[in-house]
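*Asks:* coordinates for the following, if possible.
(2 chains)
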Amino acid sequence: MSTAVDMPRFVRAKQVDALPPPNLARGPIAWVRENLFSGPFNTILTLVVFYLLYVTVPPLVKFLFIDAVWSGSDRAACRADSGGSEAGACWAFIFDKINYFIYGSYTISERWRVNIFFALLAIGVAWLLWLKAPRRDLGAVYFFWIFPVLSYILLTGGNADLGARFWLGFAIFAALVIALFAFAAAILKTSMRPALIMGGGIVAVIGITLALVDIDFGLAHVPTSLWGGILVTLLVATVGIVVSLPFGIVLALGRRSKLPIVRMASVIFIEFVRGVPLITVLIMANTMLPLFLPGDITVDRLLRPLIGTALFASAYMAEVVRGGLQAMPKGQYEGAMSLGLNYPQMMTLIILPQALRIVIPGIVNTFIGLFKDTSLVAIVGIFDLVKTIEASRIDPAWAAPTIGITGYAFAALFYFVFCFGMSRYSLGVERRLAAGQKR
Amino acid sequence: MSAQQIRSVDTDPNAEAAVQMIDVHKWYGEFHVLRDINLNVRRRERIVICGPSGSGKSTMIRCINRLEEHQKGRIIVDGTELTNDLKRIDEVRRDVGMVFQHFNLFPHLTILENCTLAPIWVKKMPKKEAEEIAMHYLKRVKIPEQANKYPGQLSGGQQQRVAIARSLCMSPKIMLFDEPTSALDPEMVKEVLDTMVGLAEEGMTMLCVTHEMGFARQVADRVIFMDYGQIVEMNTPDEFFKNPQHERTKLFLSQILH
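*Replies:* Next comes the predicted model:
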């Protein structure tokens, strides 16, 4: 039946049945012709790219794997003049130094504690990132409270020896906090019980944390100046990531607040921190922070850059989150408000889940940037992975021409594995969320 | 708009006012959007508000649950006066349901979650009870089988019916409708209007901004015509359509009733 355009009248007599789409798959040769050699310009581009791949990839593979030296106990293995081969990467050097790269100068007899830390970290990350894991709420408690406390005790040795005077002070502080909550409940005319439970809960969490830190578990003290390598890199990155997201969200909300003081404070913080290079922030955290604090309080040498990177990442995160908040249609706020949700409920239940989903690529981008920026803590004398490689590179026992390149190749591999992992994970999350709720 | 006119409608002295708007004014910057609004809505009364775009209809009903702030005059909803007191605003919003032109469902939550969210978080209702109530109202708007889908998987008419069910789950005393059928395909207008008619027949206090004149004739107790931020004319639907008084009303009706 033909449906000519010039027909003045037409009534369909028979339903047109649904047909399968025409078969468009036409084999590999057709694909190659269509995608690689569809025209003169495309053909030239393809050839140029192939040539570049030919020039770069085989030598790289040859250097990293085929000609590489895999075993040996000192420089002799990687030097041609002492019977070894110097054509390829000297992986023997990495194997020999791997403990230094992982733990830095951490006391050798205590390194099992770092291994437990790595395991605890892996458990926490898996628990939170595996979206179908059981009891993810407990996972959050573990990751944000139990894990940091345990890590602190494990890595430093705990036994902070706070003393009776400190606990007396804490008792006063606890009484004040509970009184404050009771007072707030009285002013806001809400029931007393939840306020007291909340105040008591906060005091209990802080109290238990401090008590755990105070107890002497018999672990030897390991000063942070001995920490190094992957331990420090992962520590700085984890703290930065864990602090920057919530702090960034608070800053983003603050920047959009109607209260002028809150807004001004957020804007000043974000613009100031974002407008300064990370190295400056680190040096300032390292040398200026002690100047602002009273003379008898010293901040740990590792803690200073830790705070610096966390604040720096927070400022970037705030702007990413703000982008998501601005993308939210006004109707979502109005829908939430019209149902009687208050501001915290509206934000946590309606706006943030959607806004954060929009900016997952931006958030992960910031995380990846932060992860690699951790190598800058070397500038204030912290021995992160890159710095330990730098230090090993000049070890005379391993003086060989390929040592430096091999070390940096190892660092590149380490960073790439983590960053690529983050990238793939976020893509998976995006796809999963998008599948659930097509708009 | 005169005080006399208001009194003439409020003849029943026993009927407690659901919404009272007294000398309400509102400005957007320099622009005077609401001028001298006086309106008394009795319990169980159904009011339809029409008027050209930009006449302040939506702004007026959005003032009733404080999505917009009025700058002069008083608005008393169910005995609670709207002021800057956040607690009172939340109280009023709990009792006033609102249905929007663009539904404003939460796309990251399922239909059921959309409906149970406010009862669970605002009314502190146990989840199971909230789900029972939600299923009850989803049955009433005739889409219980969609409960576990996401809003994006539903048609416009279905989404708007979910929005109505979502409001009903809070058992509101007053329902506001802000052009509920304007964003719908013509084929879906009826299913939404039928739901609203059913609601009206059950005695819900309703304020409805709409251009569905058939709906106004069928259910409205009063029809209000607004222009330039003022209430120009207010009358029973019969009188309003048959015998419009104001020039502006006549012109408007002649343009929308072909």
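*Asks:* do you know how far residue A:172 is from residue B:96?
*Replies:* Noted for residue A:172: a distance of 47 Å to residue B:96, by Cβ to Cβ, to the nearest Å. In short, each C-beta sits where N, CA and C put it, glycine included.
*Asks:* equivalent analysis for residue B:114, please.
*Replies:* Distance, residue B:114 to residue B:96, using Cβ to Cβ: 18 Å.
*Asks:* where do the helices sit along chain B?
*Replies:* Taking DSSP state H to define them, one finds helices in chain B at B:3-9, B:57-64, B:86-95, B:111-121, B:127-140, B:156-168, B:186-201, B:213-219, B:237-242, B:247-256.
*Asks:* now do the second one: which elements does it pack against?
*Replies:* Secondary structure elements in contact with helix B:57-64, counted by 3 or more Cβ pairs under 8 Å, 6 or more residues apart in numbering or on different chains; DSSP states H and E, are strand B:17-28, strand B:31-42, strand B:46-50, strand B:72-77, strand B:174-178, strand B:205-209.
*Asks:* what sits against residue A:352?
*Replies:* residue A:249 (Cβ atoms under 8 Å, 6 or more residues apart in numbering or on different chains).
*Asks:* tell me how far the helix or strand where it lies lies from the chain's centre.
*Replies:* Assigned by DSSP states H and E, residue A:352 falls within helix A:352-358. Centre-to-centre, helix A:352-358 and its host chain are 18 Å apart (Cα atoms, centre = their mean, to the nearest Å).
*Asks:* same question, stretch A:208-226
*Replies:* The chain centre lies 26 Å from the centre of stretch A:208-226; the measure is Cα atoms, centre = their mean.
*Asks:* and the contacts of that stretch?
*Replies:* With contacts defined as Cβ under 8 Å, 6+ apart, stretch A:208-226 is touched by A:104-107, A:109-110, A:113, A:145, A:149, A:152-162, A:170, A:300-303.
*Asks:* in the stretch 251-400 of chain A, which spans are helices?
*Replies:* Counting by DSSP state H, counting those that start in this stretch, the stretch 251-400 of chain A has helices at residues A:260-274, A:278-287, A:289-292, A:303-327, A:330-338, A:343-345, A:352-358, A:360-373, A:385-393.
*Asks:* could you redo the ones you listed as CSV and give each row mean pLDDT?
*Replies:* Listed next are these as CSV, based on pLDDT from 0 to 100:
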stretch, mean pLDDT
helix A:260-274, 94
helix A:278-287, 88
helix A:289-292, 79
helix A:303-327, 93
helix A:330-338, 94
helix A:343-345, 90
helix A:352-358, 91
helix A:360-373, 93
helix A:385-393, 91
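*Asks:* which one of those lies closest to residue A:245?
*Replies:* Residue A:245 sits nearest to helix A:303-327 of all the helices of the stretch 251-400 of chain A, at 6.0 Å, using Cβ to Cβ.
*Asks:* list the buried ones in the closest one?
*Replies:* A:304-322, A:324-325 (16 or more other Cβ atoms under 10 Å in any protein chain shown).
*Asks:* go on, stretch B:50-70?
*Replies:* So for stretch B:50-70, counting by 16+ other Cβ under 10 Å, buried means B:50-52, B:55-68, B:70.
*Asks:* same question, stretch B:235-244
*Replies:* Buried-residue list, stretch B:235-244, by 16+ other Cβ under 10 Å: B:235, B:237, B:240-241, B:244.
*Asks:* can you name the residue of chain B nearest chain A?
*Replies:* Closest to chain A within chain B is residue B:104: 3.3 Å, counting by Cβ to the nearest Cβ.
*Asks:* dump the residue contacts of that residue.
*Replies:* Residue B:104 neighbours (Cβ under 8 Å, 6+ apart): A:331-332, A:334-335, A:338, B:163.
*Asks:* got the buried residues of stretch B:235-244 as a markdown table, with distance to chain A and pLDDT columns?
*Replies:* Converted to a markdown table, the buried residues of stretch B:235-244 look like this (distance: Cβ to the nearest Cβ, whole Å; pLDDT from 0 to 100):
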| residue | distance to chain A | pLDDT |
| --- | --- | --- |
| B:235 | 29 | 92 |
| B:237 | 27 | 92 |
| B:240 | 28 | 92 |
| B:241 | 31 | 90 |
| B:244 | 32 | 90 |
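*Asks:* biggest separation within those residues, which pair?
*Replies:* The largest distance within these, taken as Cβ to Cβ, falls between B:237 and B:244 and amounts to 11.3 Å.
*Asks:* re the thing from before, ramachandran angles for the residue of chain B closest to chain A?
*Replies:* Main-chain torsions, residue B:104, degrees, to the nearest 10: phi 50, psi 40.
*Asks:* low-confidence ranges in chain A?
*Replies:* Low-confidence segments of chain A, defined by pLDDT under 70: A:1-5, A:24-25, A:82-86, A:435-439.
*Asks:* what are the boundaries of the strands in it?
*Replies:* Counting by DSSP state E, one finds strands in chain A at the ranges A:228, A:383-384.
*Asks:* in a markdown table: the ones you listed, plus mean neighbour count and distance to chain B.
*Replies:* Shown next, in a markdown table, are these (neighbours: other Cβ atoms under 10 Å in any protein chain shown; distance: least, Cβ to the nearest Cβ, whole Å):
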| stretch | mean neighbour count | distance to chain B |
| --- | --- | --- |
| strand A:228 | 24 | 43 |
| strand A:383-384 | 26 | 38 |
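*Asks:* tabulate these (a markdown table), appending distance to residue A:286.
*Replies:* Shown next, in a markdown table, are these (distance: least, Cβ to Cβ, whole Å):
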| stretch | distance to residue A:286 |
| --- | --- |
| strand A:228 | 17 |
| strand A:383-384 | 14 |
